[in-house]
Structure formats: C-alpha cells, structure tokens
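Engineer: Kindly return the folded structure for what I paste below:
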Amino acid sequence: MFVNSLVDGITPHHRSLDDFEALEEERKLFYVACSRAKTQLYLTAPNYFSSYSGYFDKPSRFIAELSADEVTVETTRRTMIEDDDPIWW
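Structural biologist: Numbering: from 1, shown residues only. A predicted model of the protein is given here:
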C-alpha cells in the first residue's frame, strides 16, 4: 500500500495545523491508512510540493511519530534533464 505526498501542509492539511481537534482527526486518518496495509507500507514525501495553497517542503510530522525500529528510510533523487519530457507526452 502507498500513502503519497506526506508533506506538512498537505498531510496534515495547512488549515488543520492551528486547530488541535482537526490535527488529531488527521492523525487518526493517517494511522487508519497505515493500518490498512497487509504486508508492506510505502510512505512517500517529495522534496517539495507546490499547489494553489502554497509551497510545502517539510516532511509530514506524522512520519516522525512512527516507530523508528519499524521504519526503513530510503531516499532517491532523479536529476531532470532540460529536455526531459513527462512520461505521458
């Protein structure tokens, strides 16, 4: 199972950061998503995420709350070539 775009401002949503109850609700939803994984769970966090709501570049605070002995962190970087077209083109 994959849980994508784990950056602060998206997960949890930027509107929930100032409201304790809303933040707790998002935390519960995150853990429900994680608990649905049968064998493996992949959490992805891009280096940055840009949307109409703003620019987000910090990993989600929820990732840090996971047990360190059950998490393996792998990072990959892909360098973009100037004429590197998206796959769908």
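Engineer: Going toward the C-terminus from the longest helix seen in the chain, what's the next helix or strand?
Structural biologist: What stands out as the longest helix in the chain, according to DSSP state H, is helix 20-35. Reading on from helix 20-35 to the C-terminus, the next helix or strand found by DSSP states H and E is strand 42-43.
Engineer: who does the next helix or strand after that following strand pair up with?
Structural biologist: Sequence-wise, the next helix or strand downstream of strand 42-43 (DSSP H and E) is strand 49-51. Its sheet considered, strand 49-51 pairs with strand 54-56 (antiparallel) by DSSP bridges.
Engineer: For the strand it pairs with, list every residue counted as buried.
Structural biologist: Across strand 54-56, burial judged by 16 or more other Cβ atoms under 10 Å covers Phe56. Every residue, glycine included, has its C-beta placed from N, CA and C.
Engineer: same question, stretch 29-43
Structural biologist: Under 16+ other Cβ under 10 Å, the buried positions of stretch 29-43 are Phe30, Ala33, Leu41, Leu43.
Engineer: Put the alpha carbons of that stretch into PDB.
Structural biologist: Presented in PDB, the C-alpha positions along stretch 29-43 are these (Å, rounded to 0.1, in the frame of the first residue of the first chain):
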ATOM      1  CA  LEU A  29      -6.900   9.200   9.500                       C
ATOM      2  CA  PHE A  30      -3.200   8.800   8.800                       C
ATOM      3  CA  TYR A  31      -2.900   5.900  11.200                       C
ATOM      4  CA  VAL A  32      -6.100   4.200   9.700                       C
ATOM      5  CA  ALA A  33      -4.400   4.500   6.300                       C
ATOM      6  CA  CYS A  34      -1.200   2.900   7.700                       C
ATOM      7  CA  SER A  35      -3.100   0.100   9.400                       C
ATOM      8  CA  ARG A  36      -4.800  -0.900   6.200                       C
ATOM      9  CA  ALA A  37      -1.500  -2.200   4.700                       C
ATOM     10  CA  LYS A  38      -1.500  -6.000   4.600                       C
ATOM     11  CA  THR A  39       2.300  -6.700   4.300                       C
ATOM     12  CA  GLN A  40       4.200  -3.600   3.300                       C
ATOM     13  CA  LEU A  41       3.500   0.100   3.600                       C
ATOM     14  CA  TYR A  42       5.300   2.800   1.400                       C
ATOM     15  CA  LEU A  43       5.200   6.400   2.600                       C
END
